[in-house]
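*Asks:* Mind looking at a prediction? Sequence and model below.
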Amino acid sequence: MKRLKKRLFLFFVCINFVGFAQQKKDTLRVHFVGNSYTYKSNIPHLVSLISDHTNTKLITSKSVAGGAWLFQHYKGERNLQTLDKIKSGGYDIVVLQDHSMGAIARPDSLLLYAGKFSKYIKEYGAEPYFYATWTKEKVPQYHDTIRKVYTQAAKENDAGIVYVGDVWEKAKTLRPNIELYEDDGSHQSDLGAFLTACKFVKELTGELPNDLPEYYDWKDENGEWISLIELDRFDVVFCVKVVNE
């Protein structure tokens with residue numbers, strides 16, 4: 001009888017192990033629409049690499065051009081093919097980011113094209129999300145304006161929103177000397193990109209592990225390893241804590 005119980009126990013353990021091993025990760029296809037605040041340090045790819053450490057794989061792509069405005073994406077200016085990509089991409093989520101001064105200099109334009117894009121995105125089965133960016137280093141007082149305009153865009157279009165600017169402000173408050181900006185005081189450093197990517201992963205997957213690595217690379221089509229970013233361990237722990245708390 002004892003042998004039978006032991007065999008049954010081992011049988012069920014094996015069955016559960018096989019079932020667990022056969023489980024596949026959930027996947028989400030995410031397309032980023034924006035400019036250098038999106039492509040600098042390749043934030044979409046970094047988001048995908050970080051998501052490897054969660055239960056949901058984010059498969060990312062992007063439509064970007066330096067200094068691009070949402071209206072330029074929508075009208076197909078500057079050789080942008082954003083609408084065609086959304087139409088044919090089979091995406092689950094499309095992330096929208098306007099010019100870094102959009103919410104300040106042209107809020108009406110941001111809101112107008114936020115609505116046009118959101119309607120279009122939903123027509124093709126995806127969910128729109130807004131990327132509420134940070135303020136430039138010398139004008140922190142614009143944070144509330146940027147947040148307000150993007151929040152309005154999300155509410156008016158029943159869309160998601162990722163408050164990246166909020167975690168930047170929190171990080172700067174906790175560590176006033178943290179180097180989130182490039183020397184121009186506008187674009188994200190590698191550390192700023194990592195903090196931004198962590199915020200996206202947390203919002204889109206619902207989780208952000210505490211034990212993320214400090215080095216991110218991948219193999220290209222030729223099997224060559226390409227380095228994306230390498231961070232200090234302390235900075236990784238700090239960014240994860242800022243996002244999770």
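*Replies:* Okay, I see it. Numbering: from 1, shown residues only.
*Asks:* ok, L180 - contacts?
*Replies:* Contact analysis of L180 by CB atoms under 8 Å, 6 or more residues apart in numbering lists 134, 168, 171-172, 188-189, 191-192, 195. Where C-beta positions appear, they are placed from N, C-alpha and C, glycine not excepted.
*Asks:* do that again at 7 Å, thanks
*Replies:* Taking CB atoms under 7 Å, 6 or more residues apart in numbering as the contact definition, L180 lies against 168, 171, 188-189, 191-192, 195.
*Asks:* quick one: low-confidence ranges for the protein?
*Replies:* 1-24 (pLDDT under 70).
*Asks:* So for the host helix or strand of K155, what gets flagged as buried?
*Replies:* If you go by DSSP states H and E, K155 is part of helix 143-156. By neighbour count on 16 or more other CB atoms under 10 Å, the buried set for helix 143-156 is 143, 146-147, 149-150, 152-154.
*Asks:* Report the central residue of this protein.
*Replies:* Nearest to the mean C-alpha position of the chain, by CA atoms, centre = their mean, lies F200 at 3.4 Å.
*Asks:* Quick check: that residue touching H45?
*Replies:* No: using CB atoms under 7 Å, F200 is not in contact with H45; the gap is 11.7 Å.
*Asks:* Residues touching stretch 146-160, excluding its own?
*Replies:* 103-104, 107, 110-111, 114-115, 118, 127-130, 132-133, 135, 161, 163, 165.
*Asks:* buried subset of those residues?
*Replies:* 103-104, 107, 110-111, 114, 118, 127-130, 132-133, 135, 161, 163, 165.
*Asks:* Among these, which are located in helices?
*Replies:* With helices taken from DSSP state H, the overlap with the buried ones among the contacts of stretch 146-160 comprises 103-104, 107, 110-111, 114, 118, 165.
*Asks:* Among those residues, which one sits closest to F71?
*Replies:* L110 (8.8 Å; CB to CB).
*Asks:* any idea how far the closest one is from L195?
*Replies:* 23 Å (CB to CB, to the nearest Å).
*Asks:* got the end-to-end distance for stretch 36-50?
*Replies:* 20 Å (CA to CA, to the nearest Å).
*Asks:* distance between that stretch and the chain's centre?
*Replies:* Put simply, stretch 36-50 sits 7 Å off its chain's centre (CA atoms, centre = their mean, to the nearest Å).
*Asks:* Identify the residues contacting that stretch?
*Replies:* With CB under 7 Å, 6+ apart as the test, stretch 36-50 has contacts from 32, 58-62, 64, 66-67, 97, 100, 133, 187-188, 190, 193-194, 196-198, 200-201, 212, 216, 218, 228-229.
*Asks:* can you do 8 Å?
*Replies:* Under the criterion CB under 8 Å, 6+ apart, residues 30, 32, 57-62, 64, 66-67, 95, 97, 100, 131, 133, 182, 187-190, 192-194, 196-198, 200-201, 204, 208, 212, 216, 218, 228-229 lie in contact with stretch 36-50.
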